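> coordinates for the following, if possible.
(one chain, ligands or ions: 1)
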Amino acid sequence: MKNRVAVIGAGVGGLTCAALLAKAGLAVTVFEKNERVGGKLNWLEADGYTWDTGPSLLTMPYVFEGLWEKLGRRLEDDLTLVPLPVTCRYRWTDGAVIDEDAAFWERPDVARFLRYARGLYDLSADAFLHHPLDEWWRQLRWRNLSKLRHLPKIASFRTMDGVVRRFFGRDPHLVQLFNRFATYNGSSPYATPAAFNIIPYVEAKFGGWYVKGGLYNIARALERICLELGVRILTGCEVQALGGIGGYHLQTNLERTGPFDTIVCNQDVLTAYPRLLSEHPTAARFQRTHLERLTPSISAFLLYLGVAKTYPELSHHNIFFSDDYPREFHQLFTEREPLDEPTIYVAVHSKDDPERAPAGCENWFVLVNAPALKADCRVDWPSMAQEYGDRIIERLETRFGFGGLRDAIRVRRQFTPANFETRYLANAGSLYGFASHGVCAAFQRPKLQPDGLRDFYFVGGSTHPGGGLPLVCLSSQIVADKILRQHTKRRARG
Ligand SMILES: Cc1cc2nc3c(=O)[nH]c(=O)nc-3n(C[C@H](O)[C@H](O)[C@H](O)COP(=O)(O)OP(=O)(O)OC[C@H]3O[C@@H](n4cnc5c(N)ncnc54)[C@H](O)[C@@H]3O)c2cc1C
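Below you'll find the model as predicted:
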């Protein structure tokens, strides 16, 4: 029995699923609207500088090792992962500096917090991260009963900030540092449930990693593996409509094609419903239950700077905190305005990979959080991007001691929430689908296999288990397993 699979989108989610299905012998075609694969994991080069335009830090490397194993390969043959002794350097305007390194995680106050967060991990990580949402509770078996003592931590009505304050209340720097982990899935620490304090534990346990040559090498490697396994990858090919009886047909900007037995949709769930599934009866329900009720995650404003100078005070990853974190999240989620005094993240990959910038120079990746675009009152990013970027550079010069930075900039490119919306079809330019706000946040994410759609699956950061490279990769592994189980059952039935 044939199983022709169409994968819509060649982000990490789409490529991972395509590779796993092709490895099992299915005929897979990937449709990607942009000229290059990778989605938000992408690449830019100019004048001897190269930048990863999206993800800059790899966490949970075991997820990728596991994926490569499933593909019958060794990760080290395709990618060189480099552990970072300092995952991040945090700085404040009062001059305080904290390095997130092994000694930091061993501090008695931090170690006490990690013991609490480990309970969250022990109870939920395997069940939640490796299984579909509607099946995770089945993983809570009798043999795991001892872990159930941590249930109150998960089912707590407290926010991440509420618990972080209980541990570090007298140290505002540590409160801000730990609250920042809410932004790993595009959310506010003041509205995200305490269960998400699992994030710093995961970073402490598995460390922060760089991929030699750039994180984009993950996309390049997945593309190569897909091609070796016989996957057809069509770039510059946007799927615009979906229909058909007795198999799905796709209308793309180039042609009408099909039929396909199975659809794996790596497009943001929130834009896929209105664009691809608007005729389907489930679309109206999704509109009511998700689009109208839940909050989009944050977006980002980015500067890619080629800097003709080196700054020894910078680490590979750096955070320059704002003085008023609650106000920052109020602006992001309530006022929905660009931040006036943002926390600034600067990643400099050339610190550990000098080939990524000319000699004596650095490739800066500068990110500040930005609000998702509002439907009724949109920030006019294209016209304000230049001036907004200037303000960020000025803030680094005047508040954090990078005098002369502006004059050292040889190359400057920028990317705004409006670009995320048009280039990757990300809903409202948001990076992770919905923000994880409210006690039930994790359980309200759109399902991997939506009700009422036969042989149709979502993968990627806007569905379960969430955004970020490892979680996206896990979503695709769960979906590939489901498709292959279904395929085997049908083949057995003839
Ligand atoms: C600035 C930034 C920084 C980040 N930092 C990190 C980090 O440090 N570490 C980390 O782990 N994660 C990070 N992330 C998150 C991570 O990049 C994403 O969670 C992940 O790459 C999303 O992958 P995906 O496959 O779900 O979706 P996407 O990357 O969005 O891929 C979807 C693909 O589908 C294509 N597509 C959509 N609709 C169609 C259609 N109709 N037809 C054809 N093609 C279509 C899009 O063009 C895109 O290529 C960051 C993200 C950004 C943007």
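
> so what's the gap between the lengthiest helix in the chain and the chain middle?
Determined from DSSP state H, the single longest helix within the chain is helix 469-493. From the chain centre to the centre of helix 469-493 is a distance of 21 Å (Cα atoms, centre = their mean, to the nearest Å).

> same question for stretch 394-413.
Distance of stretch 394-413 from the chain centroid (Cα atoms, centre = their mean) equals 28 Å.

> which of the residues in the longest helix of the chain are buried?
Across helix 469-493, burial judged by 16 or more other Cβ atoms under 10 Å covers 469-481, 483-484, 487. In this view, the C-beta of every residue, glycine as well, is placed from N, C-alpha and C.

> stretch 166-180 too?
So stretch 166-180, judged by 16+ other Cβ under 10 Å, has buried residues 167-168, 172-180.

> quick one: that stretch near the ligand?
No: contact of stretch 166-180 with the ligand (Cβ under 6 Å from any ligand atom) is absent, the minimum separation being 12.8 Å.

> from the buried residues of stretch 166-180, pick the one nearest the ligand.
The ligand lies nearest to Arg180 out of these, by Cβ to the nearest ligand atom, at 12.8 Å.

> lowest-scoring secondary structure element of this protein by mean pLDDT?
Within the chain, confidence by mean pLDDT, DSSP states H and E is lowest for helix 151-154 among all helices and strands, at a mean of 56.

> just checking, what packs against the helix or strand following it?
Of the helices and strands lying after helix 151-154 in sequence (DSSP states H and E), the nearest is helix 160-168. Packing contacts for helix 160-168, counted by 3 or more Cβ pairs under 8 Å, 6 or more residues apart in numbering; DSSP states H and E, involve helix 108-129, helix 172-179.

> any idea which of those is most buried?
Comparing the helices and strands packed on helix 160-168 by mean neighbour count (mean count of other Cβ atoms under 10 Å), helix 172-179 comes out on top with a mean of 20.

> and the stretch 1-150 of the chain, which residues reach the ligand?
8-14, 31-34, 39-41, 54-57.

> ok, now with 8 Å
For the stretch 1-150 of the chain, the residues in contact with the ligand (Cβ under 8 Å from any ligand atom) are 8-16, 31-34, 37-42, 53-59.

> restrict the buried residues of helix 469-493 to those near the ligand?
Residues of these in contact with the ligand (Cβ under 8 Å from any ligand atom): 469-472, 475-476.

> my guess is Gln196 contacts Asn185. True?
Let me fix one detail, which is that residue 196 is Phe and not Gln. Yes: using Cβ atoms under 8 Å, Phe196 is in contact with Asn185, at 7.2 Å.

> anything in contact with each of the two?
Ser436 (Cβ atoms under 8 Å, 6 or more residues apart in numbering).

> filter the residues of the stretch 1-150 of the chain next to the ligand down to the ones in strands?
Among these, the members falling in strands (DSSP state E) are 8, 31-32.

> okay, those residues in JSON lines with pLDDT and neighbour count next?
As requested, these are exported to JSON lines (pLDDT from 0 to 100; neighbours: other Cβ atoms under 10 Å):
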{"residue": "Ile8", "pLDDT": "98", "neighbour count": "25"}
{"residue": "Phe31", "pLDDT": "98", "neighbour count": "25"}
{"residue": "Glu32", "pLDDT": "98", "neighbour count": "25"}
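
> would you mind putting the helices and strands packed on helix 160-168 into CSV with mean pLDDT alongside?
Shown next, in CSV, are the helices and strands packed on helix 160-168 (pLDDT from 0 to 100):
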stretch, mean pLDDT
helix 108-129, 88
helix 172-179, 98
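
> same question for stretch 352-367, mean pLDDT?
Per-residue pLDDT values over stretch 352-367 give a mean of 98.

> only the C-alpha atoms, please, for it, written as CSV.
What follows is stretch 352-367, C-alpha atoms only, in CSV (Å, rounded to 0.1, in the frame of the first residue of the first chain):
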residue,chain,number,x,y,z
ASP,A,352,34.0,30.5,19.5
ASP,A,353,34.1,30.3,15.7
PRO,A,354,36.4,33.1,14.4
GLU,A,355,35.8,32.1,10.8
ARG,A,356,32.3,33.7,11.0
ALA,A,357,33.8,37.2,10.9
PRO,A,358,36.8,38.8,9.3
ALA,A,359,40.0,38.9,11.4
GLY,A,360,39.7,41.3,14.3
CYS,A,361,35.9,41.6,13.8
GLU,A,362,32.8,40.2,15.4
ASN,A,363,29.4,39.0,14.0
TRP,A,364,26.8,40.4,16.5
PHE,A,365,23.2,39.1,16.6
VAL,A,366,21.2,41.5,18.6
LEU,A,367,17.6,40.7,19.7
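
> poorly predicted segments of this protein, please.
1, 133-156, 245, 377, 441-442 (pLDDT under 70).

> quick check: Asn42 touching Ile218?
No: Asn42 lies out of contact with Ile218 (Cβ under 8 Å); the separation is 11.0 Å.

> isn't Ser297 up against Gly433?
Yes: under the criterion of Cβ under 8 Å, Ser297 makes contact with Gly433 at 6.1 Å.

> need the overlap of contacts for these two.
What both Ser297 and Gly433 touch, as defined by Cβ under 8 Å, 6+ apart, is the set 186, 467.

> neighbour count: the two, which is higher?
Ser297 (30 against 27; other Cβ atoms under 10 Å).

> spatially nearest residue to the more buried one, not counting backbone neighbours?
Nearest non-adjacent residue to Ser297, counting by Cβ to Cβ, 6 or more residues apart in numbering: Gly186, 2.8 Å away.

> near the ligand, which residues of the stretch 251-400 of the chain show up?
Looking at the ligand, the residues of the stretch 251-400 of the chain close enough under Cβ under 8 Å from any ligand atom are 252, 266-268, 271-272, 275-276, 300, 302, 347, 367.

> biggest separation within those, which pair?
Spatial extent of these (Cβ to Cβ) is set by the pair Thr252 and Ala347 at 35.1 Å.

> who has more neighbours out of these two?
Taking other Cβ under 10 Å, Thr252 and Ala347 do not tie; Ala347 has more neighbours (24 against 17).

> contacting residues around the more buried one?
Contacts of Ala347 (Cβ under 8 Å, 6+ apart): 56-57, 316-318, 364-365, 367.

> now distance to Tyr424 too, for those, in TSV please.
Converted to TSV, these look like this (distance: Cβ to Cβ, whole Å):
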residue	distance to Tyr424
Ser56	17
Leu57	19
His316	26
His317	23
Asn318	26
Trp364	22
Phe365	17
Leu367	16
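
> Arg493: which of the residues you listed is nearest?
Leu57 (45.7 Å).

> so what's that closest one up against?
84, 87, 208-210, 317, 347.

> one more time with 10 Å
84, 87-88, 184, 203, 208-211, 215, 316-317, 345, 347, 468-469 (Cβ atoms under 10 Å, 6 or more residues apart in numbering).

> got it, and Val86?
Going by Cβ under 10 Å, 6+ apart, Val86 touches 99-104, 208, 315-318, 351.

> if you set the cut-off to 7 Å instead, what comes out?
99-101, 315-316 (Cβ atoms under 7 Å, 6 or more residues apart in numbering).

> measure it to Asp353 for me?
Distance from Val86 to Asp353, counting by Cβ to Cβ, to the nearest Å: 15 Å.

> swap in Asp451?
Distance, Asp451 to Asp353, by Cβ to Cβ: 46 Å.

> looking at those two, which is more packed in?
Taking other Cβ under 10 Å, Asp451 and Asp353 do not tie; Asp353 has more neighbours (18 against 9).

> quick check: Leu75 touching Glu69?
No: counting by Cβ atoms under 7 Å, Leu75 does not reach Glu69; the two are 8.0 Å apart.
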